[in-house]
Structures are given as structure tokens and as C-alpha cells.
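> Predicted structure and sequence below. I'll ask about it afterward.
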Amino acid sequence: MVRELMAALERAESDAAVRVVVLTGAGEKVFCAGGDLGTMAGDEGFLATHEGRRAYGRLLVRFQELRKPTVARVNGHALAGGLGLVLACDLAVAVDTADLGTPEIDVGLFPMMMMALLQRHLGRKRALELVLTGDRLPAREALTLGLLNRVVPAAELDGAVSTLAGKLAGKSQAVLALGRRAFFTAEDLPLPAALEYLSSQLSLNVLADDAGEGISAFLEKRPPKWHDR
């Protein structure tokens, strides 16, 4: 699955017609429940199995490096590595019947890689509670903790995702790409370094054609016509 998702992201990146990437599960009850426990023994050998696990980490990073915004359409439970995929997306809309969690501890494992994303979304105590207990969070509780952006009944999921994706698709893709990169870069910098970096990115931003178009459109009281540059 990791290879297929990575390939799909590469196709989306190179396709100018794709303005927003939406990630969802194939069924109705589960978004993604993580890796196949049956393969954990590593029948392919230790090194090959280790590289396969590292590929999941590279996939999470690739979501962040993508030049296009991403939305998780959480159509069911998102557990273990599946929760990592939700957190890797910029925004997430879930059905109200979904549970989110890291149940690995209950089978003698620990959510090692996706924990790096969980730490960036939650405070220390709450993140530790999730990974140490394996408890599941109902979607509405996950919403209050900031793990989700919207929670809706199943019948409203497609509409909510389409509305959110439509808003993103209507923005300047060049400025979205610049802004996303700046957001993720500044996130891990000390405050003085972050402000210095962000001031340089603002200087780049104001030079963009779409910045000029956006300001002109605002002053002329008309919708902007983005050129995505």
C-alpha cells in the first residue's frame, strides 16, 4: 500500500489538473487500520522488512513535501498507521462513527513512526495517554483535540469534503505551495529563527504574480483571477 500511495502522490504532483489531493479508505467502516500484522515477522528478511517500514516514514514526509494541499476523507476508523495518514494530511473530515487511536500497545508493539506526527498535534500528556493505553478516541473527541477539522454524519461526508476541497482549489496554487512549505519549515524552528525565515518567505510571497493580482482584485472589488505563479 505504501508504494501505491507514494506513486499516487507523485502522479498528483505532476498533474496540473489536480489542485487538491483527497485521501480516503476503500470501504465504509474503516479508513485504514494500519499495517498487516501477519507480515510483522518479516519473512523477506530483516533488512528488507526494515526498509519497508522506513518507506512508511518517507510516505508521511512526502505528504508534507507535496506542493498541493491534502484532505483526509475519514470514512471510518483510523487506527495505528492509518491515524498517521490522517495526521499527515493538511486537513481531515471524518464521519461521526469513526474512532481514531493507536492500539499497537495491545499487541506488544508501539506506534513508533506515526508518534512523531502525534507529538506535533497533541500536548505531551494527551499524546502519551493515547500511545501508552491504546485507547480509541471517538471522532467528536478527536475533533475537540484538534486531530480533525470537521465531523459529520456519513450522509454528509462527501458534501463536507467537496466544500473544503473546493475552497482550497479556488486559491492560488503557487501561494498555497509557498505557504505550506513555510508552515512546516517554521514549525520546527526556534522562534527567532522562525521569524527570520518567515520574513524572507513573505518577501518572496509579495513578488508572486498572484500576490499582485490578489491585491489588485481586492482594491478593485472583484474576484481574483489566479495565474498560479
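Nice, thanks for sending it over. These numbers were taken from a predicted model, which means no experiment stands behind them.

> how about the strand or helix carrying Gly52: buried residues?
According to DSSP states H and E, Gly52 maps onto helix 46-65. For helix 46-65, the neighbour count (16 or more other CB atoms under 10 Å) marks Tyr56, Leu59, Leu60, Arg62, Phe63, Gln64 as buried. Yep, even glycine has a C-beta here, placed from its N, CA and C like the rest.

> for these, which one is nearest Val161?
Proximity of these to Val161, judged by CB to CB, is greatest for Phe63, which lies at 16.7 Å.

> what's around the closest residue to the closest one other than its chain neighbours, how many residues?
Excluding the flanking residues, the one nearest Phe63 by CB to CB, 6 or more residues apart in numbering is Ala88, at 3.9 Å. Neighbour count for Ala88, taken as other CB atoms under 10 Å: 20.

> can you pull the contacts of Ala88?
Leu59, Leu60, Phe63, Gln64, Thr70, Leu117 (CB atoms under 8 Å, 6 or more residues apart in numbering).

> Please identify which two of those residues are farthest apart in space.
Across the contacts of Ala88 (CB to CB), the longest gap, 13.0 Å, separates Thr70 and Leu117.

> per the record, what domains does the protein have?
2-169, 173-219 (automatic domain parsing).

> Could you point out which residue ranges in this structure have low pLDDT?
36-50 (pLDDT under 70).

> now the strands for it?
For the chain, the strands defined by DSSP state E occupy 21-24, 30-32, 70-74, 77-79, 91-95, 99-101, 136-138, 150-152.

> The ones you listed: which one's closest to His227?
Between these, strand 21-24 lies closest to His227; by CB to CB that is 21.4 Å.

> if we can go back for a sec, ok, now how distant is the residue nearest to Phe63 from Pro190?
From Ala88 over to Pro190 the distance is 24 Å, taken as CB to CB, to the nearest Å.

> One more: Val151?
34 Å.

> Looking at these two, which one has more neighbours?
Taking other CB under 10 Å, Val151 and Pro190 do not tie; Val151 has more neighbours (23 against 8).
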